[in-house]
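sequence and predicted structure, then a few things I'm wondering about:
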Amino acid sequence: MAGDEMPTGRVKPHANDLRKGRVSIPGHFYCVTAVTLRREPVFSDFHSARVLIGALREAQLRDEAMTLAFVVMPDHFHWLMQLGMATPLSKVVGAIKAVTAHRLGRRMWQDGFHDHALREDEALAGVGRYIAANPLRAGLVERLGDYPHWDAVWL
């Protein structure tokens, strides 16, 4: 069954809306968010969060994306990255989700992901700080240094 197909064989309503206007520009900066299936807090488990972080780092080693900032929340992640020159954005994110699910031995991701291509006037460091501060805004910690699943090249 395809990712946008329901058990009845029909396509999910609005599934294509996620892809409308999506472009994949090599070398461009993107903020990506992907959410777990039914918002299950998979990444509350330390090991599971580190598996996802490892997949993000491997994408960088393969020159698919350069990570500027990320945070792994209990049921989703945010990733500020610069897309590499050869692999489209959807393939990069799809591979991270597939590798993570395979290594954890479970179906765990909602279909699709949200991405925002940053405009030239958007300050990368400010977006990175906003991403990293997610655990503070969510009330998971009182000090960012107490949260183990984030990184940013500026901090």
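That came in fine, so what should we check first?

from here on, contacts and neighbour counts on C-alpha atoms
Noted.

OK, contacts around Ala59?
Contact partners of Ala59, counting by CA atoms under 8 Å, 6 or more residues apart in numbering, are Ala65, Met66, Val92, Ile96.

and the second one, helix, strand or coil?
What it means is Met66. Three-state secondary structure (criterion: DSSP: H, G, I helix; E, B strand; the rest coil) places Met66 in strand.

who does Met81 bridge with?
Tyr30, Thr67 (DSSP bridges).

for the chain, what are the low-confidence residue spans?
Under the criterion pLDDT under 70, the flagged ranges of the chain are 1-22.

residues touching the residue nearest to Leu89 when sequence neighbours are not counted, list them.
In space, Leu89 comes closest to Ser24 once its chain neighbours are excluded; the distance is 5.5 Å by CA to CA, 6 or more residues apart in numbering. The contact partners of Ser24, taken as CA under 8 Å, 6+ apart, are Pro88, Leu89, Ser90.

change it to 10 Å
Taking CA atoms under 10 Å, 6 or more residues apart in numbering as the definition of contact, the neighbours of Ser24 are Tyr30, Leu83, Met85, Thr87, Pro88, Leu89, Ser90, Lys91, Ala117.

ditto for Val32
70, 77-81, 89, 93, 113-117.

among these, the buried ones, what's the PyMOL command?
Under the burial definition 16 or more other CA atoms under 10 Å, those of these that qualify are selected in PyMOL by:
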select buried, resi 70+77+78+79+80+81+89+93+113+115+117
